[in-house]
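[1] Show me how the following folds:
(one chain, ligands or ions: 1)
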Amino acid sequence: MITDRLPHVFYGGDYNPDQWPEEVWEEDARLMQEAGVNLVSLAIFSWARLEPRPGEYDFDWLDRVVDLLDAHGVKVDLATATASPPPWLAKLHPESLPVTREGVRLWPGSRQHYCPSSSEYRKAAASLVRRLAERYRDHPALVMWHVNNEYGCHVPECYCDTSARHFREWLRARYGSLEALNDAWGTAFWAQHYSDWDEVNPPRATPTFPNPTQQLDFRRFSSDALLECFEMEARILREITPGVPVSTNFMGFFKPLDYWKWAEREDVVADDSYPDPSDPEAHVGAAMSYDLMRSLGGGRPWVLMEQTPSKVNWRRRNALKRPGQMRLWSYQAVARGADGVMFFQWRASRAGAEKFHGAMVPHVGTESSRTWEEVRQLGSELGRLDALLGARTPASVAIVFDWESWWGLELDSRPSADVRMLEQAMAYYRPLFEANIAVDFVRPDADLSGYRIALVPNLYMTPDDAGERLGGFVSDGGALVMSFFSGTVDRNDHVRLGGYPAQLRELLGLRVEDFDAYAPEQRNHINVPGRGAFECDLWSDLIGLEGAEPLATYTADFYAGRSAVTRNRFGRGVAYYLGTRPEPGFMDWLLGTVCSEAGVEPALEAPDGVEATIRTNGGREYLFVLNHGREGADVRLPGGWRDLLTGEGREGTLRLDPFGVAVLERA
Ligand code: GLA
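    Numbers count the residues shown, from 1 in each chain. Next up, the predicted model:
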């Protein structure tokens, strides 16, 4: 379980009592109890209230809130409140404000207006965090620490002079000498050679493409600079409250932060998730993020820290979740490894930029409110799921995913701006999601021995030992599927020479001579003998076979008849290579074939639109069945089960309503 301080599925939301007069707090606490709320993320944006003037702290109001919540059985995920500094910090230290690539300073008046490298910001944040930790260290309501909020959400990088100095220090530590930096950055190109450290800057606005390795290093640095802020707070919290888990909220596949690196420093992985109810496919992307969250924590349960009970306010048009959809999407997170379901936010604000954002207690109040009824129902149901706490999700398929490679793949000056990492990952993920086959995400240097299949969408940048690692996995009997523009460069973004993908050629049994990037409307086809033609687009590799067999060949253009998809037996395993982007029907067929060859089974054979996952806890097995369809669905259950939400036995056919959910324990 996440913490024995709260041995239940977490349920609650962001609580901002400082937006309300004190009389409302009593009602809040009573309603929380009524809704089955057991945890709130408290005071995330309260810095200006907690420290109204520099060094002058006011915790009395927060004491009263925490005591009141505790008296009502509501525990606290206490925020460190450092995501939005008070206006006085900017007035005293304007240099603590962040600056964009174009040199524009960002002022207070919204939130997240701090330069991560600013020592004034860090100093002020550290003393607030220390005081909070000292004050609440022994409070029985304290269950977890919520550090800052959505790091990097609005300001993932800062280009100010302080950041430039900090970047130079980071580079010195990475390279040791200026010559090593010149070499790594390839500064012989376009007369970029540096003769003094002070000449080196962040990749600020330039006449044309800035140096790619400089851009890459600045991304690494910017993720690390924010991580330093997190670690600075976490160190203080761990020193003062060693038993209290420390977390911050992630944002799914958020490009600016290397979450592999971040998750290692956290006790609990938490995610904020806002799938768009107007997108009928939104649940597929949500599932992919949830599998990432579980994987970031090495399979440990994570917390859905924020979602909306009803609607957001920050899209151009903010569709309402349909009746039952919030419940369904909440269970989707639990089905994929979450042991907590929380919301933004508890009570809808009257003022400010988020007043039209949905909340557990909406503007209309609780009486005859559909949202409130759904919130209460979910709270009561989650209260029946303690048996799940700590349950794991067994998976035999791994998708190799890497932030640095993602950054490199999508830099400017690439062969095609249309090759997008998440679209490519989704092309692999979707067929498995639809087949109800469990998937973990892993980093490129992960131990793959526990998996039968490794999927490698566009791993542009590979570690030096990628050939041995992936080759070892396949020769030991694993199946690998890799797509084009993989293994192209080293960690400095220098091309690996001698035919792409240099280190992986032996494993794949081929050599890519060149590639052709397609216009957006351009199409080709690939022919699979015995199965016919499938459309492809985006990219064509020109492949020379060196032992691999062709599975599909191009039908048009000057490379018609040449291999587009190949298969290579390697040791006891097999490696497939996709030199293009085939239509989804081809991916369904290919991944279906790979799974059945590897003996990888779905959680459940279910009709279209029905998601099924398995979690296991010790010897117990739980089956989640979720109907994303707008029609009812009948599902054949293997064997006998007990429905944890109703207490009834289930066997044979399970009938699910539209948006219906079943959480079953094997009888
Ligand atoms: C994010 C933030 C919250 C709030 C919500 C609104 O997740 O963490 O403070 O702004 O978005 O959707």
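[2] tell me the domain ranges of this structure?
    397-598, 610-666 (automatic domain parsing).
[3] quick one: the helix ranked longest in the chain to chain centroid distance?
    If you go by DSSP state H, the chain has its longest helix at helix 212-240. Taking CA atoms, centre = their mean, to the nearest Å, one finds the center of helix 212-240 at 17 Å from the center of the full chain.
[4] List the buried residues of that helix.
    Residues 212-227, 229-234, 236-238, 240 are the ones in helix 212-240 that count as buried (16 or more other CB atoms under 10 Å). C-betas here are computed from N, CA, C, even on glycine.
[5] Nearest the geometric middle of this protein, what residue?
    residue 252 (2.5 Å; CA atoms, centre = their mean).
[6] Strands along the stretch 151-300 of the chain, start to end?
    246-247, 249-250, 270-272 (DSSP state E, counting those that start in this stretch).
[7] chain center to the first one, what's the gap?
    What separates the centre of strand 246-247 from the centre of its chain is 16 Å, taken as CA atoms, centre = their mean.
[8] That one and the ligand, are they touching?
    No. Strand 246-247 lies apart from the ligand when judged by CB under 6 Å from any ligand atom; the minimum separation is 13.1 Å.
[9] in its sheet, what does that strand sit against?
    Strand 246-247 sits in its sheet next to strand 142-146 (parallel), going by DSSP bridges.
[10] Pretty sure residue 522 sits against residue 539.
    No. With contacts counted by CB atoms under 8 Å, residue 522 stays clear of residue 539, the gap being 10.2 Å.
[11] who has more neighbours, these two?
    Neighbours were counted for residue 522 and for residue 539 using other CB atoms under 10 Å; residue 539 has more, 22 against 12.
[12] which secondary structure element contains that one?
    Here residue 539, judged by DSSP states H and E, is contained in strand 532-545.
[13] That strand - contacts with which helices or strands?
    strand 510-517, strand 524-528, strand 549-554, strand 563-570, strand 580-582, helix 584-598 (3 or more CB pairs under 8 Å, 6 or more residues apart in numbering; DSSP states H and E).
[14] now do 7 Å
    strand 510-517, strand 524-528, strand 563-570, strand 580-582 (3 or more CB pairs under 7 Å, 6 or more residues apart in numbering; DSSP states H and E).
[15] Give me the contact list for it.
    Outside strand 532-545, the residues that touch it by CB atoms under 7 Å, 6 or more residues apart in numbering are 416, 418-419, 484, 509-518, 522-528, 554-555, 559, 562-564, 566, 579-583, 585-586.
[16] So how do I select the buried members of these in ChimeraX?
    Here is the ChimeraX command that selects the buried residues among those (16+ other CB under 10 Å):
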select :419,484,509,510,511,512,515,516,518,524,525,526,527,528,554,555,559,562,563,564,566,579,580,581,582,583,586
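[17] Could you double-check that residue 655 sits in contact with residue 632?
    Yes. Using CB atoms under 7 Å, residue 655 makes contact with residue 632 at a distance of 6.4 Å.
[18] From the ligand, how far out is the residue in the chain sticking out farthest from the centre?
    Here the centre of the chain is the reference, and by CA atoms, centre = their mean the most remote residue is residue 558, at 40.8 Å. To the ligand, residue 558 is 50 Å away according to CB to the nearest ligand atom, to the nearest Å.
[19] Then residue 548?
    On the measure of CB to the nearest ligand atom, residue 548 and the ligand end up 46 Å apart.
[20] Quick one: residues contacting that residue.
    Residue 548 touches 508, 509, 510, 566, 567, 568, 577, counting by CB under 7 Å, 6+ apart.
[21] Throw these into TSV and include distance to the ligand and pLDDT, thanks.
    Output for these, formatted as TSV (distance: CB to the nearest ligand atom, whole Å; pLDDT from 0 to 100):
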residue	distance to the ligand	pLDDT
508	41	98
509	46	98
510	44	98
566	43	98
567	44	98
568	45	98
577	39	98
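[22] and those, which two are the farthest apart?
    Within the contacts of residue 548, 510 and 567 form the most distant pair, 10.3 Å apart (CB to CB).
[23] thinking again about what came up before, okay, the domains of the chain, which one's buried deepest?
    domain 397-598 (a mean of 19; mean count of other CB atoms under 10 Å).
[24] Helix, strand or coil: sort out residue 623 for me.
    Residue 623 falls in the strand class when you classify it by DSSP: H, G, I helix; E, B strand; the rest coil.
[25] measure it to residue 260 for me?
    30 Å (CB to CB, to the nearest Å).
[26] Repeat that for residue 477.
    Where residue 260 is concerned, residue 477 sits at a distance of 26 Å (CB to CB).
[27] what does residue 249 give?
    Here the criterion is CB to CB. By it, residue 249 lies 17 Å from residue 260.
[28] Looking at those two, which one has more neighbours?
    residue 249 (27 against 20).
[29] That one pairs with what?
    residue 270.
[30] Go ahead and confirm it touches residue 272.
    Yes. Here residue 249 reaches residue 272: they are 5.0 Å apart, a contact under CB under 7 Å.
[31] which bits of this structure sit near the ligand?
    Counting by CB under 6 Å from any ligand atom, the chain sits next to the ligand at 149, 150, 272, 274, 306, 312, 344, 354, 357.
[32] switch the cut-off to 5 Å
    150, 272, 306, 312, 344 (CB under 5 Å from any ligand atom).
[33] ok and the residue in the stretch 151-300 of the chain nearest the ligand?
    Distances between the stretch 151-300 of the chain and the ligand by CB to the nearest ligand atom are smallest at residue 272, namely 4.1 Å.
[34] Secondary structure element holding residue 601?
    Take DSSP H and E as the rule and residue 601 turns out to sit in neither a helix nor a strand.
[35] tell me the pLDDT at it?
    pLDDT for residue 601: 97.
[36] Then residue 453?
    So, for residue 453, pLDDT stands at 99.
[37] and it, what are its phi and psi?
    phi -130, psi 140 (degrees, to the nearest 10).
[38] Contacts only, for it.
    So residue 453 contacts 396, 397, 478, 479, 594, 595, 598, 600 (CB under 7 Å, 6+ apart).
[39] farthest-separated two in those?
    Longest span within the contacts of residue 453, CB to CB: 478 and 595, 12.8 Å.
[40] and residue 234, how far is that from residue 402?
    If you go by CB to CB, the gap between residue 234 and residue 402 works out to 24 Å.
[41] Same check on residue 309?
    Relative to residue 402, and taking CB to CB, residue 309 is found at 35 Å.
[42] Same check on residue 179?
    With CB to CB as the criterion, residue 179 and residue 402 are 28 Å apart.
[43] Residue 477 now?
    Residue 477 is 24 Å from residue 402, by CB to CB.
[44] Model confidence score at whatever residue of the stretch 401-550 of the chain ends up closest to the ligand, please.
    Closest approach of the stretch 401-550 of the chain to the ligand (CB to the nearest ligand atom) occurs at residue 422, with a separation of 18.9 Å. pLDDT, residue 422: 98.
[45] next one: residue 146
    So, for residue 146, pLDDT stands at 98.
[46] residue contacts, it?
    41, 44, 77, 78, 79, 80, 247, 248.
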